[in-house]
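Student: here is my input; please provide its structure:
(one chain, ligands or ions: 3)
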Amino acid sequence: MTSRIQGLYAITDPALTPDALLLPAAEAALHGGARLLQYRDKTATADQRRRRASQLRALCHQYDASFIVNDDPALAADVQADGVHIGQSDAEIALARQLLGPDRIIGVTCHSDLALARKAIAAGADYVAFGRFFASHTKPLAPPAEVSTLQSACQAFHVPVVAIGGVNADNAPQLIEAGAAAVAVIHALFGHSDPAEIEAAARQLSALF
Ligand SMILES: Cc1ncc(COP(=O)(O)OP(=O)(O)O)c(N)n1
Ligand SMILES: Cc1nc(C(=O)O)sc1CCOP(=O)(O)O
Ligand SMILES: [Mg+2]
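Tutor: Ligands and ions are numbered 1, 2, ... in the order given. Prediction:
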């Protein structure tokens, strides 16, 4: 079976995409080839988050892409997302697994720490995320990571490794060359407001795989 964690991994951001444009923006990324899409929204109300997550899930499935919810395993379970992404200060992996069952995807932020990744995989993570590899508009203070660490992680672990942080079509090749199964991207996609530009950026990134 081909891995579901492969290729362009688009992540939404309400600071870049107004509510009314969320679906067209997400659809542009999917049309451009994104294989995973994460709903990352720390500002909307619970009702708004539930509605948007349900809509995005339906959209992703039209494109045969995986839909991931950031931070919130309960919401992911509620809308039957394909998975959840959790950080080191978010929910426990065991709780996420309990809520989501054995077949859903659980991704875990590991910064640039191989020991954190080892622990996450032992606890049941389906992918581990390393970053930030480059200067990030979205999260400028995320801890930095070296491409050499990514390479070590990709060699060491049997689960896919996702690379994040300031990724664009110019710098993504070195991450893919190092072994990243997927690159997670916010600003280089959703920093564009025109869906045609989002789609073009997604197409360029997707073509690298
Ligand atoms: C694919 C992917 N990788 C890393 C993150 C960051 O998660 P986290 O450290 O929990 O930070 P926030 O995104 O919640 O601000 C991610 N969301 N997705
Ligand atoms: C959400 C997030 N997490 C990171 C990490 O290093 O864990 S970097 C990051 C921001 C990614 O957005 P952009 O593509 O705009 O840099
Ligand atoms: Mg988080």
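Student: how many residues are close by residue 46?
Tutor: Residue 46 has 11 neighbours, counted by other C-beta atoms under 10 Å. The C-beta positions use only the backbone N, C-alpha and C, and glycine is treated the same way.
Student: residue 95 and ligand 3, how far apart?
Tutor: To ligand 3, residue 95 is 14 Å away according to C-beta to the ion, to the nearest Å.
Student: that residue: helix or strand, and which one exactly?
Tutor: helix 93-100 (DSSP states H and E).
Student: show me what that helix packs onto, helices and strands only.
Tutor: Judged by 3 or more C-beta pairs under 8 Å, 6 or more residues apart in numbering; DSSP states H and E, helix 93-100 is in contact with helix 73-78, strand 83-86, strand 105-109.
Student: which parts of this protein are strands?
Tutor: 7-11, 36-39, 66-70, 83-86, 105-109, 127-131, 161-164, 182-185 (DSSP state E).
Student: the inter-axis angle of the fifth one versus strand 66-70?
Tutor: Same thing as strand 105-109. 50 degrees (axes from the mean of the first three to the mean of the last three C-alpha atoms, to 10 degrees).
Student: local confidence estimate at residue 3?
Tutor: Residue-level confidence at residue 3 comes out at 86, pLDDT.
Student: contacts only, for the closest residue to it other than its chain neighbours.
Tutor: Nearest non-adjacent residue to residue 3, counting by C-beta to C-beta, 6 or more residues apart in numbering: residue 160, 5.7 Å away. Residue 160 makes contacts with 3, 5-6, 126-128, 181-182, as judged by C-beta atoms under 8 Å, 6 or more residues apart in numbering.
Student: over to residue 38?
Tutor: Residue 38 neighbours (C-beta under 8 Å, 6+ apart): 9-12, 68-70, 85, 184.
Student: okay, the residues you listed in JSON lines with pLDDT next?
Tutor: What follows is those, written out as JSON lines (pLDDT from 0 to 100):
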{"residue": "9", "pLDDT": "99"}
{"residue": "10", "pLDDT": "99"}
{"residue": "11", "pLDDT": "99"}
{"residue": "12", "pLDDT": "98"}
{"residue": "68", "pLDDT": "98"}
{"residue": "69", "pLDDT": "98"}
{"residue": "70", "pLDDT": "98"}
{"residue": "85", "pLDDT": "98"}
{"residue": "184", "pLDDT": "99"}
